[in-house]
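# could you work out the structure for the sequence below:
(one chain, ligands or ions: 1)
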Amino acid sequence: VDSTDMPPAEKHEYQAEVNRLMDLIVHSLYSNKEVFLRELVSNASDALDKLRYLSVTDPELLKDGPELDIRIQTDKDNGIVTITDSGIGMTKQELVDSLGTIASSGTAKFLKALKESQEAGMDSNLIGQFGVGFYSAFLVADKVVVSTKSPKSDKQYVWEGEADSSSYTVREEKDPEKLIPRGTRLTLYLKRDDKGFAHPERIQKLVKNYSQFVSFPIYTWQEKGFTKEVEVDEDPAET
Ligand SMILES: CCNC(=O)[C@H]1O[C@@H](n2cnc3c(N)nc(I)nc32)[C@H](O)[C@@H]1O
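All right, here's what the predicted structure looks like:
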């Protein structure tokens, strides 16, 4: 299938539960919105874990780049935060299944718990517990773009979702400047009142608070280039 078969952007409807969940999150009177970074870094870390594990039996998976890390870029002038991991990445189908649907098993329970907790001031850990941390991006962003490249696919795909929309789009990444060798890049277009999260020092503080136990290096991008934020002790077994 060559790229001409791929229309510019395919429109997909969210599964009903996802719509309800996003409504709750987007319209939640959420006090500590800053948990979005913990959730997204956690997803990035899981993606790196998955790659590291699979690469033990299939070293080929690392052919597009051996470094396993997380890079957080801020653009304070435009209110944009970008989180990039060099993890396993997603194929087009995985992208649609992962971000357009949620396991309907725990969802009803989760939504009920979320509704109740909203009355009592939302519990910040609830979102992470049910594996729906990704949607916490919509606490601070009114548009989220996920660009992802899996070693299992020769194409890079872009998922685009907006707060208050019942659908999202998926298209192929065509812009050579936006291609990544492997992994996932999340771009958050921050809401008007949450632009403060695009300040490097704010992000560095959050990384130190929330992601100190992540077992991969996290770099935050400053004007002058990447600086290492989190030292990773070399695992003695691996040295
Ligand atoms: C409920 C929302 N779904 C997700 O967060 C799923 O999306 C996928 N996901 C989110 N961020 C990701 C990320 N950075 N890399 C990879 I590979 N998969 C990611 C994982 O399968 C998550 O379980």
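
# how close does the residue nearest the centre of the chain get to the ligand?
Against the mean C-alpha coordinate of the chain, by CA atoms, centre = their mean, the closest residue is L40 at 4.5 Å. Spatial separation of L40 from the ligand under the definition CB to the nearest ligand atom, to the nearest Å is 7 Å. Glycine gets a C-beta too; all of them are placed from N, C-alpha and C.

# quick check: residues of this protein near the ligand?
43-44, 47, 85, 87-90, 98-99, 102, 131-132, 134, 184 (CB under 6 Å from any ligand atom).

# CA atoms only for the helix or strand that contains the residue nearest to the centre of the chain, dumped as CSV, please.
Assessed by DSSP states H and E, L40 sits inside helix 35-57. Once non-C-alpha atoms are left out, helix 35-57 reads as follows in CSV (Å, rounded to 0.1, in the frame of the first residue of the first chain):
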residue,chain,number,x,y,z
VAL,A,35,-0.3,15.5,37.2
PHE,A,36,-0.6,15.4,33.4
LEU,A,37,3.2,15.4,33.2
ARG,A,38,3.5,12.4,35.6
GLU,A,39,0.9,10.5,33.5
LEU,A,40,2.5,11.2,30.1
VAL,A,41,6.0,10.5,31.4
SER,A,42,4.7,7.2,32.9
ASN,A,43,3.3,6.2,29.5
ALA,A,44,6.6,7.1,27.9
SER,A,45,8.5,5.1,30.5
ASP,A,46,6.2,2.1,29.8
ALA,A,47,6.9,2.3,26.1
LEU,A,48,10.6,2.3,26.8
ASP,A,49,10.2,-0.6,29.2
LYS,A,50,8.3,-2.5,26.5
LEU,A,51,11.1,-1.9,24.0
ARG,A,52,13.9,-2.8,26.4
TYR,A,53,12.1,-6.0,27.2
LEU,A,54,11.4,-7.0,23.6
SER,A,55,14.9,-6.1,22.4
VAL,A,56,16.4,-8.8,24.7
THR,A,57,15.0,-11.4,22.3
